Structures are given as C-alpha cells and as structure tokens.
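Chemist: when you get a sec, could you give me coordinates for this:
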Amino acid sequence: MQYTDGSFADVKSISQQAMCRYWARTAGDLPFPSLDQFRPEARLHDPKQLIIWSVERRGDGHTFRALYQGASVGEVFNSSWAGKSMEEVLPPALKEFGLAAAEQCVTSGCATYSVFSTYNSGGHTIDCERLLLPLGRAGRVEQMVGSLQLISTAGSFNRKTVIRHFEWKTEVSCAIRIYASAGLRGHLTSTTEKREAARSP
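Modeler: Next comes the predicted model:
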C-alpha cells in the first residue's frame, strides 16, 4: 500500500481532525508527543472509539500490542484485545494493510490516515476511517493511539455484525501520512483560504 503526504484537512471526521490538531500542538517542536503528554479530553474524541498500542521491537520489525481498547471497538470486533498483538486480533481481510499502516506510522513518525470501504446488504457503502497517531520520546515511537470510525451516509449497519461485510469485501480508498508540522501548516493554510473566501464579494 502506497502512502502519500497529506494534511489534517484530508481527514474527513471532525473529531479525528480535532485529535490530529491536538496531537500536533502537543508535540510542539518535536516530531510527536509522549504518552504522558497526550491527554485529550473525552469531549474532543470519544474514548470508546480509541485503541492504544505499545510498540515492541523485534529483529525483523515490530509487534503492536493492545494496552487499551475502547468499548465500541470491542463491540465491532466481538473480542477483547487486551494484551494481544495486532497480528492476532485483525481479521485476515484487514491484516495486511492494517499492519502496513502501523509500520508506516512507526517508521515515519507520522500520523497515518486510511479509509477502507465495504457494502451493506443493500449495496450502500460503509466506510471505516482509521487514524493512527505516534507517541514516544527522543524521536522513538513507543506507543500508537488508534481511532476507528464507521460511517455510512446512504445506508445503515449493525455494529455487532459489520465486520462480516469487511471480511467479505474491503477496498482501500485513502492512505496518507501527515507530519505534525505539515499537518498544522495544512490546517492553517486551509483556515486562511476559508477566511479569504469569506471576505471575497
């Protein structure tokens, strides 16, 4: 899966965008903040939609182990992830690009944002928007915060059974990485353009 550079303006979800901006502000002049620094309020982003992964280094790569799993994530995947690795818990259909996104997040030190889609029984699209934010110290990624949001603008889905649709068919429609500094620049540019457009007659 090829990742391209993007900005926070490319993140569709309002709450995920807000968490990205908080992540970048908290990082300051550093590539990313530490877990101790990263304390978003619940009203900024629903903790039920979050996962925290620890990053364990091994000879041929990394193991990502769940430290925290929000209730909504547990409901979608019908399992408890505490102490388990990402490789263990992701369904086969989601494993390859799910692990690739995590590796991209760790090796680049960037936020990674991807959208993968399936269809409900009525043929309407269901999107899963996945955001990963790196955390750590001294330029070394030690944890990742993940956010999952399910969206269907035209149809509906059952949170407890939706994973079956993704196991049946999954298409990746977006895969970007965002540097903390570039993300803020992109956000500021977008905000400035909107203000200029608002002033135009």
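
Chemist: for the protein, what are the low-confidence residue spans?
Modeler: Where the chain drops to pLDDT under 70, the residues are 1, 76, 119, 121, 123, 152-170, 182-201.

Chemist: residue nearest the centroid of it?
Modeler: Leu131 (0.9 Å; CA atoms, centre = their mean).

Chemist: ok but that residue is inside a strand, no?
Modeler: Yes. The assignment for Leu131 is a strand, going by DSSP: H, G, I helix; E, B strand; the rest coil.

Chemist: which ones are touching it?
Modeler: Neighbouring residues of Leu131 by CB atoms under 8 Å, 6 or more residues apart in numbering: 11, 13, 16, 19-20, 111-113, 146-147. Using the backbone N, CA and C atoms, a C-beta is placed for each residue, glycine as well.

Chemist: with Asp5 instead?
Modeler: The contact partners of Asp5, by CB under 8 Å, 6+ apart, come to 176-179, 182.

Chemist: which stretches of the chain form strands?
Modeler: 4-5, 50-58, 61-69, 111-119, 125-137, 140-151, 171-178 (DSSP state E).

Chemist: check the offset of the last one from the chain's centre.
Modeler: Offset of strand 171-178 from its chain centre (CA atoms, centre = their mean, to the nearest Å): 10 Å.

Chemist: same question, the first one
Modeler: With CA atoms, centre = their mean as the basis, the distance from the averaged C-alpha position of strand 4-5 to the chain average is 15 Å.

Chemist: strand partners (parallel or antiparallel) of that strand?
Modeler: strand 171-178 (parallel) (DSSP bridges).

Chemist: can you list contacts of the strand it pairs with?
Modeler: By CB under 8 Å, 6+ apart, strand 171-178 touches 1-8, 10-11, 20, 97, 101, 104-105, 108, 110-118, 127, 186.

Chemist: buried set for that strand?
Modeler: 172, 174-178 (16 or more other CB atoms under 10 Å).

Chemist: okay, and the beta partners of Thr4?
Modeler: Residues in beta-bridge contact with Thr4 (DSSP bridges): Ile176.

Chemist: which ones are touching Ala180?
Modeler: Ala180 is in contact with 23-24, 27, 30-32, 110-111, counting by CB under 8 Å, 6+ apart.

Chemist: let's go with 6 Å and repeat that
Modeler: Going by CB atoms under 6 Å, 6 or more residues apart in numbering, Ala180 touches 24, 27.

Chemist: now do Gln49
Modeler: 70, 72, 147-148 are the contacts of Gln49 under CB under 6 Å, 6+ apart.
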